[in-house]
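**Q** just need the structure, nothing else, for what follows:
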Amino acid sequence: LHTLLIHITDGESFDIVNATEDWNGLEGWRKLSRRWDPATAGRKRNLLRQIINPGRCKLADLQGSLERHELLVQRYERTRDAQGNHNKIQDDLRLAALTAMVPEDIERHLLLNDARLSTYELARVEVVNFLESQHGRKLRDAWIQKETRAANSDAMDVDRFQHKGRTKRKRKS
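**A** Take a look at the predicted model:
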């Protein structure tokens, strides 16, 4: 592990790995993790701020935003509080963040169906189902357009072919 870290690092990271005693790759990895991913209170606060206030996104970007948001939640929940317990994001905070993230028409739908979509997981499933149905509709519409274009071009080609073979024009002398 030490040799691999030496080969893939440079600059300050290289110096950190190179300074480990007895070519201890695990110790080098621990030092790199402490240097570049510290578990400071400021970092946890910034992570929590990104989770709680993700910002509204467009429909086309929603699936990726959901995935990134869930990665942030996982990263935050790997951190520990002062007593050494894992931090946990409450379900109602996650639901509020999801509602703030989605486009306004989906937010309206979530709010109108609040009794049925009372947990983050239920609301997330509803949003993902909506996105999948939109994607399926786009694929279906594209397929229909492609088939229509293909049918029209075939009809034109056949008509053109039949027209050529059917008539002969006489030259006027």
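**Q** grab the most central residue of this structure for me.
**A** residue 64 (1.7 Å; Cα atoms, centre = their mean).
**Q** that residue in helix, strand or coil?
**A** Assigned by DSSP: H, G, I helix; E, B strand; the rest coil, the conformation of residue 64 is helix.
**Q** ok, it to residue 130 distance?
**A** Look at residue 64 and residue 130: by Cβ to Cβ, to the nearest Å, they are 15 Å apart. The C-beta positions use only the backbone N, C-alpha and C, and glycine is treated the same way.
**Q** next: residue 42.
**A** 37 Å.
**Q** more neighbours: which of those two?
**A** More crowded of residue 42 and residue 130, by other Cβ atoms under 10 Å: residue 130, with 17 against 8.
**Q** with adjacent residues omitted, what lies nearest to residue 78?
**A** residue 86 (7.1 Å; Cβ to Cβ, 6 or more residues apart in numbering).
**Q** and that neighbour, what does it touch?
**A** 77, 78, 79, 80 (Cβ atoms under 8 Å, 6 or more residues apart in numbering).
**Q** could I get the pLDDT score of it?
**A** Per-residue pLDDT puts residue 86 at 87.
**Q** give me the distance from stretch 101-121 to the chain's centre.
**A** Here the centre of stretch 101-121 is set off from its chain's centre by 19 Å, with Cα atoms, centre = their mean, to the nearest Å.
**Q** any low-confidence regions in the chain?
**A** For the chain, the stretches with pLDDT under 70 are 38-39, 136-142, 144, 146-173.
**Q** can you give me the neighbour number for residue 109?
**A** Quick note: residue 109 (other Cβ under 10 Å) scores 16 neighbours.
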